[in-house]
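Model the following, please.
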Amino acid sequence: MDFTSFFNNTAIAHLEWGNLVMILVGVVFIYLAVTKDYEPLLLVPIGFGIIVGNIPPIAGMPLGVYSEGSVLSYLYFGVTKGIYPPLIFLGIGAMTDFSTMLSNPKLILLGAAAQLGVFLTFLGSLYLGFSLKQAGAIGIIGGADGPTAIFLASMIAPELLGPIAIAAYSYMALVPVIQPPVMYLLTTKEERRIRMKAPRKVSRKERIIFPIVAFLICTLIAPGAITLLGMLFFGNLLKESTVTDRLANSARNALIDIVTILLGFTVGASTQAQTFLTPQSILIFILGALSFVVATAGGVIFAKIMNLFLKEKINPLIGAAGVSAVPDSARVVQAVGQKEDPGNFLLMHAMAPNVAGVIGSAIAAGVLWSVLGKFQ
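You can find the predicted model right below:
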């Protein structure tokens, strides 16, 4: 074999500028995770997956996620068939405490208000020429819930799964960058300094009954959310019943860690430049950013509207936690609030709309799937 033949059988010979751009993106993701601590559990697997996915395969060698029979294609099966997201919801349910939300139920409305980003982005996507199903899948990015976005895209717009997944997880990781400017713009210093009364103690009986009743109510309204909410509330029941601690511990530790690794890595590996770097993908990224801003603004503005009718005012910053980036958006609320008043502790209050947002985005996905699934 001469040198030319050897060189033609290397990935270097088939590298395109797009592959180099995507490899750089992967390196930036890892840099942000390591140096800025932006969602490292997501960005490190996704970033390295992007690097892996943009090493050009050799003809006749099934290596990538789109190569039939390759190992990566089997791992990616859990993404394309919507298997990984419900398993992540099981783990989220097993680590979520709904007590603050139950102690102050009106804060659920903030989680609902933040879904404004989903439906406005849906309309904007239709205006820009996407099909009904594609617009629905793009819109759910506004819920700031990566697993939900992947699940819905895999069901109704699998051709957009790669850019939607990367956009959703990218904006989840960039919560500390995107949300504060919107929060400062829409609130006054006095509003950001509002202190809220400590939440009441929620009984064990309430915590056990809630996942059962909430599942029935939500899925009777939006049956398309059965898979996601079923796993979410099942995981929460494992936690709150206190008789299945081994199962709850497995769900919130080993299981969710394994699935997060597989999902993040394979989603990253799906971003081959030849299929990913398109005007459509760039447009999805822009729409995703706008939807996230609208969702944040919707929660903050609705909190201000609620204060017009409440004797006991709520800090409108917690409305920003209505997006379902758990728990990062609640931490951002805490950080912004403490910059104005170091003695103001908003984290527990912000967790109420935060977990309500998880439920809200799953319901929104269920509604969109139920309504749009019948269209061609």
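
CA only for contacts and neighbour counts going forward, please
Fine.

Which stretches in the stretch 101-250 of the chain count as helices?
Remark: helices assigned in the stretch 101-250 of the chain by DSSP state H, counting those that start in this stretch are 108-113, 116-127, 132-139, 146-156, 161-173, 175-186, 189-192, 204-221, 226-241, 245-250.

angle of the fourth one against helix 161-173?
With axes from the mean of the first three to the mean of the last three C-alpha atoms, to 10 degrees as the basis, helix 146-156 and helix 161-173 are set at 160 degrees to each other.

List the residues that contact residue 13.
residue 7 (C-alpha atoms under 8 Å, 6 or more residues apart in numbering).

what about residue 367, which helix or strand?
According to DSSP states H and E, residue 367 maps onto helix 347-372.

Which strands or helices does that helix pack on?
helix 99-103, helix 108-113, helix 132-139, helix 146-156, helix 226-241, helix 328-340 (3 or more C-alpha pairs under 8 Å, 6 or more residues apart in numbering; DSSP states H and E).

Convert the C-alpha atoms of the fifth one to CSV, please.
Coordinates of the C-alpha atoms in helix 226-241 are reproduced here as CSV (Å, rounded to 0.1, in the frame of the first residue of the first chain):
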residue,chain,number,x,y,z
ILE,A,226,-48.7,9.7,29.7
THR,A,227,-45.2,8.4,29.1
LEU,A,228,-43.3,11.4,30.5
LEU,A,229,-45.6,12.2,33.4
GLY,A,230,-46.1,8.6,34.2
MET,A,231,-42.4,8.1,34.7
LEU,A,232,-42.0,11.4,36.5
PHE,A,233,-44.8,10.8,39.0
PHE,A,234,-43.9,7.1,39.4
GLY,A,235,-40.3,8.2,40.4
ASN,A,236,-41.7,10.7,42.8
LEU,A,237,-44.0,8.1,44.4
LEU,A,238,-40.9,5.8,44.8
LYS,A,239,-39.3,8.6,46.8
GLU,A,240,-42.2,9.8,48.8
SER,A,241,-43.6,6.4,49.9
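
Give me the distance from stretch 210-226 to the chain's centre.
Its chain's C-alpha centre and that of stretch 210-226 lie 20 Å apart, by C-alpha atoms, centre = their mean, to the nearest Å.

Averaged pLDDT, that stretch. What do you get?
Per-residue pLDDT over stretch 210-226 has a mean of 94.

Check which residues of it are buried.
Residues of stretch 210-226 classed as buried: 210, 211, 215, 216, 218, 219, 222, 223, 224, 225, 226 (neighbour count, 16 or more other C-alpha atoms under 10 Å).

Confirm for me that the fifth one is in contact with residue 363.
The one in question is residue 218. Yes - with contact defined as C-alpha atoms under 8 Å, residue 218 reaches residue 363; the gap is 7.0 Å.

intersection of neighbour lists for these two?
residue 225.

Just want the angle from the helix or strand that residue 19 is a member of to helix 161-173.
Assigned by DSSP H and E, residue 19 belongs to helix 17-35. In terms of direction (the same axes, to 10 degrees), helix 17-35 departs from helix 161-173 by 30 degrees.

which residues touch stretch 92-102?
Counting by C-alpha under 8 Å, 6+ apart, residues outside stretch 92-102 touching it are 107-108, 199-202, 207, 231-239, 248-249, 251-252, 256, 348-349, 351-353, 355-356.

Show me which positions of stretch 112-131 end up buried.
Residues 112-122, 124-126, 130 are the ones in stretch 112-131 that count as buried (16+ other C-alpha under 10 Å).

sorry, that was for stretch 174-192
Across stretch 174-192, burial judged by 16+ other C-alpha under 10 Å covers 174, 175, 176, 178, 179, 180, 182, 183, 187, 191, 192.

In terms of helices and strands, where is the residue nearest to the fourth one when sequence neighbours are not counted?
The shortest distance from residue 178 to any non-neighbouring residue, by C-alpha to C-alpha, 6 or more residues apart in numbering, is to residue 293 (7.2 Å). Assigned by DSSP H and E, residue 293 belongs to helix 279-307.

quick one, that helix and helix 347-372 angle?
Put simply, helix 279-307 runs at 130 degrees to helix 347-372, going by the same axes, to 10 degrees.

Using PDB, list the CA coordinates for stretch 159-172.
This file holds the C-alpha atoms of stretch 159-172, laid out as PDB (Å, rounded to 0.1, in the frame of the first residue of the first chain):
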ATOM      1  CA  GLU A 159     -35.900  14.700  10.800                       C
ATOM      2  CA  LEU A 160     -35.200  17.700  13.100                       C
ATOM      3  CA  LEU A 161     -34.200  15.700  16.100                       C
ATOM      4  CA  GLY A 162     -30.400  16.600  16.000                       C
ATOM      5  CA  PRO A 163     -30.700  20.400  15.900                       C
ATOM      6  CA  ILE A 164     -33.700  20.500  18.300                       C
ATOM      7  CA  ALA A 165     -31.800  18.300  20.900                       C
ATOM      8  CA  ILE A 166     -28.700  20.400  20.700                       C
ATOM      9  CA  ALA A 167     -30.600  23.700  20.900                       C
ATOM     10  CA  ALA A 168     -32.600  22.500  23.900                       C
ATOM     11  CA  TYR A 169     -29.600  21.300  25.900                       C
ATOM     12  CA  SER A 170     -27.500  24.300  24.900                       C
ATOM     13  CA  TYR A 171     -30.000  26.800  26.200                       C
ATOM     14  CA  MET A 172     -30.500  24.700  29.400                       C
END
